[in-house]
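Asks: Below are the sequence and a predicted model for it; my questions follow.
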Amino acid sequence: MIRLKNRLGNVVFIALIITATLSLAACGSKKKTTSEPGEISPVVSQPSGDVSSDGMTAEEREQFGQRDPGYIEESKLENVYFDYDKSDLRADTRDILKSNAEWIKANPGTKIQIEGHCDERGTEEYNLALGERRANSVKNYLVSLGISAERLFTISYGEELPEDPRHVEEAWAKNRRAHFLVTK
């Protein structure tokens, strides 16, 4: 009888140790991967591999995403704007892009970063995806106008870099845009 109690006690003791160990392991926390306040986490559209289809390395793309001082011009190409929750090009946008395409053709030694931006409404994830669709829509149209795809690449900042920080419709309309950066 005493042996049975000892064995039963050992089994209970081992079960308690296992339970305590599993409980402690379950309480472990994951390292947070969120960005610091003010830090921008852009979405860059690129195929996998060392060099993407546009001829740029991941390092070059990262430099563009950080707005490296290698940019030579921001104002030569006009921003284009989008309707609320849309990524399709308006008629006035197409006219602006035709003008931008002429400048790009006249400056063959340049590469163009197309930034997709959104207003603050919507989730961060949704706005990053919408900004990417907007930038790709612009890129595809420029390619249809004869601009080499190797000279164009896209990045989405979602709502992170507003042109106008106010919280009114007029500001939101300015923030729903594609912006261009030029480098050699």
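Replies: Nice, I can see it.
Asks: Quick one: residues in contact with stretch 157-173.
Replies: Contacts made with stretch 157-173 from outside it, assessed by Cβ atoms under 8 Å, 6 or more residues apart in numbering, are listed as 40-43, 79, 81, 84, 115-122, 124, 127-128, 130-131, 174-175, 177, 179. Every residue, glycine included, has its C-beta placed from N, CA and C.
Asks: could you redo the last one with a cut-off of 7 Å?
Replies: 40, 42, 81, 115, 117-121, 124, 127-128, 131, 174-175, 177 (Cβ atoms under 7 Å, 6 or more residues apart in numbering).
Asks: most neighbours, which of those residues?
Replies: C118 (31 neighbours; other Cβ atoms under 10 Å).
Asks: per-residue confidence at the nearest residue in space to it that is not next to it in sequence?
Replies: Leaving aside its chain neighbours, C118 sits nearest to N127 (4.0 Å; criterion: Cβ to Cβ, 6 or more residues apart in numbering). pLDDT recorded at N127 is 97.
Asks: how about N127, what does it touch?
Replies: So N127 contacts C118, G158, E159 (Cβ under 7 Å, 6+ apart).
Asks: Show me the helices in the protein, by range?
Replies: 2-26, 58-65, 91-106, 124-144, 169-175 (DSSP state H).
Asks: how about the CA coordinates for the shortest one, as PDB?
Replies: Yep, that's helix 169-175 we're talking about. Extracted as PDB, the C-alpha positions of helix 169-175 are listed here (Å, rounded to 0.1, in the frame of the first residue of the first chain):
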ATOM      1  CA  GLU A 169     -11.900  66.700 -47.400                       C
ATOM      2  CA  GLU A 170      -9.700  69.300 -49.100                       C
ATOM      3  CA  ALA A 171      -6.600  67.900 -47.400                       C
ATOM      4  CA  TRP A 172      -7.600  64.300 -48.000                       C
ATOM      5  CA  ALA A 173      -8.000  65.000 -51.700                       C
ATOM      6  CA  LYS A 174      -4.400  66.300 -51.900                       C
ATOM      7  CA  ASN A 175      -3.100  63.200 -50.000                       C
END
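Asks: how many other residues sit next to N79?
Replies: Neighbours around N79, by other Cβ under 10 Å: 17.
Asks: same deal with L161?
Replies: 15.
Asks: Report how many residues lie close to the residue nearest to A101 when sequence neighbours are not counted.
Replies: Excluding its sequence neighbours, the residue lying closest to A101 (Cβ to Cβ, 6+ apart) is L145, at 4.2 Å. Per other Cβ under 10 Å, the neighbour tally for L145 reads 15.
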